[in-house]
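A.B. asks: The following block contains a protein sequence and its predicted model.
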Amino acid sequence: MASPSKPKSATAAAASAAGEEEELKDVSFLRMFVVYFFLPMVLLAMMGVAIRWFEIQPSSLSSQEYLKTKQAQKEAFLQQAREELEEQRKTTTPEKKKRTGRQAEELSRKKSQSRTATTMMKPDLVQKEKQIAAARNNYKNHPDNALFAWQLAELLLQKGMSAHASGGERMEAVKAYESAISLTKVDRQRLQKAGKPTNVRLDGGVSNSLNEEIILDHATKSMDGQLCAMQVSLGQLFHSLMSFESAVEVYTQCLEEVDENYMEALFQRASSLLKIGKLKQAGSDYSRILMLHKNLSLLGGNLKLIYSGLTTVLRDNEENVPGGWGPLLQVVREMYAQVNEQLASWTNSNDPQQTRSQISLIEELKELHFVMFSYYDLKTKNTEEAWKHLKEANRMKQSISQPYDRAFMEQRSRNIRDIFVPTFWPKGIGSELQTPIFIIGFDSYGSTLLEKILNNHPSISGIGSGYSVFGNQINAIRDAIVEASTTVGGNVREVVNDLAQDVVTGMMDRWAFLHNTTEKCQEPPLRLVDTLLANYNSVGFIHMLFPKALILHLVRNPMDVLFSSHHQQDYPRGGSSLDHTGDFESLSHMYKLYRDMMDHWNKVLPGRIHHIRYEDMIQNMPGMTRALVDVTGLEQDETMWESKKNSFDNDLTQAWTNYESQLQPLMKLVGEQLHYEQKTTLPVS
């Protein structure tokens, strides 16, 4: 016979009520998050896809019409969500909310499976997975076949470039490429030992240079062409994973063992050398490409990257390039005339192929103007001519960019500030891990120096400047939190801890890959640096997952920041379709939203973010270094401050003053935020 239940004491009742209230609070605060933040962010993601203007003409679907349609869909969805949440509230009792640890674990497992299944149901991914599975099977059954190894690697590389591949799949691609290269080298050596040529193509023709084979299909290339094509693909994979030293090594194998003038390998190696600061070596490769400039057309869209890369080398030190600016200027003037002639010969057409070609030419012309800006700015100090080219370059950049939606950007910023208020973060939620160090800010200029300073500590390591595991996972993080908080029985604390662990695991995996760590005796770092300055919009989620992790905000003189953004080729990097830094109206608006956001985080999370002024960092490197180590909680390492900053780091400080008259309209638009009084909050000695 069941014993009668004892009446609860007042204390027990209060504790129970508090527990239920806290549990309900966990759900309710995120219900509000779903309604006012999650859905608008979904809309943002949909609009943020880089749709070229020639694929969706403004006449067929205007920005206003798009927003109106999405607003109607959002309202319908919101109403359905409200009804479902209200129904759950009415039918859910406290008993139903309680789950055992095993039940919660099972629920989490099913949700994870559901999310994976949903992702894999996308037709293109399903087809890609089938192709990869078939390639794996072929390679497994024929491990000594270089072609099968190459086919598997190529499919995995394509998936990796589309951001759908896991870390394990990228490593699998590396291994497959390495196997294909090793097998091809063996076959090539057999031909050489037999006295047979290795430069004979499938059609029987003989290639005097690998540059003749750049546009050929892999199977029709000569043995030399296939080997270098594999090495270039592996190098590109290493580069995409920010393992630049490994990329340089594999490109060098092609150039030294097969063809020293293979332009694709030269160009790719120069790009990787730039990333690791070996500018003189990069300049040597770029110069060799210019010597072969009659064949530059073979490089297609990479031409603009050659211009920008060589300009970067020259801006650092003219002596990095034999002949200084001369060889580049000669090519630029020749190409400038050719590109303008091609553009003038084309008439308006609805042919998508012609439109793509026109955009490609405009992008190349834009790069040519940026080269001339740098030349007049640095070499001749002719600011009037420099500004003419900068203005024209930005005009062209804006002509192929999507229209900047001021109202939408304001709404997104407002949504974030409205939701992330002091009461947003429930007590007791968040990981204890302090592994990540997040660097945020508006413009990337200076963040590399800050990351280098941190990297000099033996227990701190970066995972690639501009690469963010957290940023790559932000959509999944948001979705998982929303799902856990709006599902009856969802365990928000457990989900947040799991998400935080996933981020740290991803950072550790990336560190291990970048450092080729296979020896168990090598200790992993205690801190990993995650540098994506745009994460200033995601501080709310960073704090939710990692309430004890460092957040470092790099602060600079506003006009230094704005001018730096205005004269760089692409921002954000990777293309100009979403780049609005070339227009004063959009640039000033973006900057003001950034400042408003940082003011918001300082207000709702006082003291949470450590601010570092760039000017303080370059003026007192030893003191800033010691202060940074102190705030990490690690032991001091006095050898850190001996690392000197690159002279290029300080060259552009106050560079905007050379164009103060031309920048007056921008300064007027920025208004009272033209001054940023935020001081360094670290105790620097």
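C.D. replies: Alright, I've got the coordinates.
A.B. asks: any idea which helix or strand carries residue 437?
C.D. replies: strand 436-440 (DSSP states H and E).
A.B. asks: Show me how far that strand is from its chain's centre.
C.D. replies: Mean-position distance between strand 436-440 and its chain equals 14 Å (C-alpha atoms, centre = their mean, to the nearest Å).
A.B. asks: same thing with stretch 369-382?
C.D. replies: Counting by C-alpha atoms, centre = their mean, stretch 369-382 comes out at 29 Å from the chain centroid.
A.B. asks: Show the average pLDDT along it.
C.D. replies: For stretch 369-382, the mean pLDDT works out to 93.
A.B. asks: repeat for stretch 616-631
C.D. replies: 90.
A.B. asks: so what's residue 208 up against?
C.D. replies: Counting by C-beta atoms under 8 Å, 6 or more residues apart in numbering, residue 208 makes contact with residue 199. Yep, even glycine has a C-beta here, placed from its N, CA and C like the rest.
A.B. asks: separation between it and residue 229?
C.D. replies: Residue 208 sits at a distance of 17 Å from residue 229 (criterion: C-beta to C-beta, to the nearest Å).
A.B. asks: Tell me the first helix or strand C-terminal of the strand holding residue 437.
C.D. replies: As the chain continues past strand 436-440, the following element, by DSSP H and E, is helix 447-455.
A.B. asks: count of residues packed around the nearest residue to residue 538 once chain neighbours are set aside?
C.D. replies: In space, and not counting its chain neighbours, residue 538 is closest to residue 474: 5.8 Å by C-beta to C-beta, 6 or more residues apart in numbering. The local packing of residue 474 (other C-beta atoms under 10 Å) involves 19 other residues.
A.B. asks: before we move on, what about residue 664?
C.D. replies: That count, for residue 664 with other C-beta under 10 Å as the rule, works out to 11.
A.B. asks: tilt between the helix or strand where the residue nearest to residue 538 lies and strand 436-440?
C.D. replies: Using DSSP H and E, residue 474 falls within helix 469-486. In terms of direction (axes from the mean of the first three to the mean of the last three C-alpha atoms, to 10 degrees), helix 469-486 departs from strand 436-440 by 100 degrees.
A.B. asks: For helix 469-486, what is the distance to the chain centroid?
C.D. replies: The answer for helix 469-486 is 18 Å, by C-alpha atoms, centre = their mean.
A.B. asks: Residue 613 reaches residue 552, doesn't it?
C.D. replies: No: at 11.5 Å, residue 613 does not count as touching residue 552 under the criterion of C-beta atoms under 8 Å.
A.B. asks: what residue ranges in the stretch 201-350 of the chain are flagged as low confidence?
C.D. replies: Under the criterion pLDDT under 70, the flagged ranges of the stretch 201-350 of the chain are 293-301, 347-350.
A.B. asks: same thing with the stretch 351-500 of the chain?
C.D. replies: For the stretch 351-500 of the chain (pLDDT under 70), the answer is 351-354, 444-445, 466.
A.B. asks: how about the strands in this protein?
C.D. replies: Using DSSP state E, the strands found in the chain span residues 436-440, 460-462, 527-531, 550-555, 610-613.
A.B. asks: Tell me the neighbouring strands of the shortest one, and mark each as parallel or antiparallel.
C.D. replies: Spelled out, it's strand 460-462. As defined by DSSP bridges, the strand partners of strand 460-462 come to strand 527-531 (parallel).
A.B. asks: who's in contact with the partner strand?
C.D. replies: 434-439, 447, 451, 454-455, 457, 459-471, 504, 507-508, 511, 550, 632, 634.
A.B. asks: from the middle of its chain, how far away would that strand be?
C.D. replies: On C-alpha atoms, centre = their mean, the centre of strand 527-531 falls 14 Å from the chain's centre.
A.B. asks: Switch the strands of the chain over to JSON lines; also include distance to residue 244.
C.D. replies: Below are these laid out as JSON lines (distance: least, C-beta to C-beta, whole Å):
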{"stretch": "strand 436-440", "distance to residue 244": "19"}
{"stretch": "strand 460-462", "distance to residue 244": "12"}
{"stretch": "strand 527-531", "distance to residue 244": "15"}
{"stretch": "strand 550-555", "distance to residue 244": "23"}
{"stretch": "strand 610-613", "distance to residue 244": "26"}
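A.B. asks: do you know which of those lies nearest residue 483?
C.D. replies: When those are compared for distance to residue 483 using C-beta to C-beta, the nearest one is strand 436-440, at 23.2 Å.
A.B. asks: and that closest one, what does it pack onto?
C.D. replies: helix 447-455, helix 492-514, strand 527-531, strand 550-555 (3 or more C-beta pairs under 8 Å, 6 or more residues apart in numbering; DSSP states H and E).
A.B. asks: Provide the strand pairings for that strand, with the direction of each partner.
C.D. replies: strand 527-531 (parallel), strand 550-555 (parallel).
A.B. asks: Can you point out the buried residues in it?
C.D. replies: Buried residues in strand 436-440, counted by 16 or more other C-beta atoms under 10 Å: 436, 437, 438, 439, 440.
A.B. asks: The residue nearest to residue 538 against residue 540, yeah?
C.D. replies: No: counting by C-beta under 8 Å, residue 474 stays clear of residue 540, with 10.9 Å between them.
A.B. asks: Just the buried ones out of the contacts of strand 527-531, please.
C.D. replies: Counted by 16+ other C-beta under 10 Å, the contacts of strand 527-531 give 434-439, 447, 451, 454-455, 457, 460-471, 504, 507-508, 511, 550, 632, 634 as buried.
A.B. asks: show me where the stretch 201-350 of the chain has helices.
C.D. replies: Using DSSP state H, counting those that start in this stretch, the helices found in the stretch 201-350 of the chain span residues 223-240, 244-257, 263-275, 279-291, 303-316, 326-345.
A.B. asks: Please save the CA atoms from the first one in CSV.
C.D. replies: The C-alpha atoms that make up helix 223-240 are tabulated as CSV, following Å, rounded to 0.1, in the frame of the first residue of the first chain:
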residue,chain,number,x,y,z
MET,A,223,51.6,11.9,-67.0
ASP,A,224,53.4,15.1,-66.1
GLY,A,225,50.1,17.1,-66.4
GLN,A,226,48.2,14.6,-64.2
LEU,A,227,50.8,14.7,-61.5
CYS,A,228,51.0,18.5,-61.3
ALA,A,229,47.2,18.8,-61.5
MET,A,230,46.9,16.5,-58.4
GLN,A,231,49.6,18.4,-56.6
VAL,A,232,47.9,21.8,-57.3
SER,A,233,44.5,20.4,-56.1
LEU,A,234,46.1,19.1,-52.9
GLY,A,235,47.8,22.4,-52.4
GLN,A,236,44.5,24.2,-52.8
LEU,A,237,42.9,21.9,-50.2
PHE,A,238,45.8,22.7,-47.8
HIS,A,239,45.3,26.4,-48.6
SER,A,240,41.6,26.3,-47.9
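A.B. asks: Who are the packing partners of that helix?
C.D. replies: Under the contact definition 3+ C-beta pairs under 8 Å, 6+ apart, helix 223-240 sits against helix 146-161, helix 167-193, helix 244-257, helix 263-275.
A.B. asks: Same question for the fourth one.
C.D. replies: Using 3+ C-beta pairs under 8 Å, 6+ apart, the elements in contact with helix 279-291 are helix 263-275, helix 303-316, helix 326-345.
A.B. asks: What are the contacting residues of it?
C.D. replies: Identification of contacts with helix 279-291 by C-beta under 8 Å, 6+ apart yields 261, 263, 266-267, 269-271, 273-274, 296, 299, 306, 309-310, 312-314, 316-317, 320-323, 327-328, 331.
A.B. asks: cool, the last one as well?
C.D. replies: By C-beta under 8 Å, 6+ apart, the surrounding residues in contact with helix 326-345 are 287, 290-291, 293, 296, 303, 307, 310-311, 314, 321, 358, 361-362, 364-365, 368, 371-372, 375.
A.B. asks: Apply 7 Å and report the result again.
C.D. replies: Contacting residues not belonging to helix 326-345 are listed as 287, 290, 293, 310, 314, 358, 361, 364-365, 368, 371-372, 375 [C-beta atoms under 7 Å, 6 or more residues apart in numbering].
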